[in-house]
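Participant: Sequence plus the predicted model coming up.
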Amino acid sequence: MLANEYRLDIEFERLQAEALQTKSSVHSPVIIELDDVRLDALIEQAFGKPRPTRSPLQSLTPRHPYDESSKARIDSYHPGRWDTESDLVYMSPIVQTGPSSGEWDGTVIYASLPNLGAGLYLVSGVFSGYDTTMSLHGPWGITTAYNAVTSTTTSVLATATVKKGLFFSLNCKGTGLGYLSAIEIYPM
């Protein structure tokens, strides 16, 4: 019986290798970045006041998910694809797979900024996706933002009062994939 299992393993590996060799390439979506004008309008609409600074205190992206000096980092559960070429994390929408609240599948992005000092901060999750609602979960509760088409980008925003360190997560729901391009932290 072990010999048969061994032969099945070899056959499985051969099929996997053939599939990889013949698989067509996957293309990333073309996305128009969220420019400063649109971001300022979103912040003004959400909080009734302008963005405090143009440059984020911290920016984490798929290409730069870790900052050595601050120990800030992003990680993911079940990313559809972590694509450094397009600088996007492909996020599968959260779907309920069973009767209890803990039975779900999809992508969750976790952000950890353990050395963020005390203060008031604006948290921004920059994303795109077709018919996608992104949720930002943190000490502020849950905030959401909607993006209608993949070719545009928006930001889900929250304000956080921090004593020491900040930890939060992002997930999406919708018709198709969500695409996270950056998490940015601004001092208020």
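Facilitator: Great, that's in hand.
Participant: contacts and neighbour counts: CA atoms only from here.
Facilitator: OK.
Participant: Name the residues that touch whichever helix or strand S135 is part of?
Facilitator: Per DSSP states H and E: S135 is located in strand 132-138. Counting contacts by CA atoms under 8 Å, 6 or more residues apart in numbering, the residues outside strand 132-138 that touch it are 125, 127, 142-148, 156-158, 167-178.
Participant: cool, stretch 177-188 as well?
Facilitator: Contacts for stretch 177-188 (CA under 8 Å, 6+ apart): 51-53, 55-62, 87-93, 119-130, 132, 134, 172.
Participant: Export that stretch to PDB, keeping only CA atoms.
Facilitator: Output in PDB follows, covering the C-alpha atoms of stretch 177-188 (Å, rounded to 0.1, in the frame of the first residue of the first chain):
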ATOM      1  CA  LEU A 177     -12.100  40.600  -5.600                       C
ATOM      2  CA  GLY A 178     -10.900  43.600  -3.500                       C
ATOM      3  CA  TYR A 179      -7.400  44.900  -4.100                       C
ATOM      4  CA  LEU A 180      -5.500  46.500  -1.200                       C
ATOM      5  CA  SER A 181      -2.700  48.900  -2.300                       C
ATOM      6  CA  ALA A 182      -1.700  50.700   0.900                       C
ATOM      7  CA  ILE A 183      -2.300  51.300   4.600                       C
ATOM      8  CA  GLU A 184      -1.300  54.800   5.600                       C
ATOM      9  CA  ILE A 185      -1.200  56.400   9.000                       C
ATOM     10  CA  TYR A 186      -1.400  60.200   9.400                       C
ATOM     11  CA  PRO A 187      -0.900  62.200  12.600                       C
ATOM     12  CA  MET A 188      -4.000  64.400  13.400                       C
END
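Participant: Alright, calling it a day.
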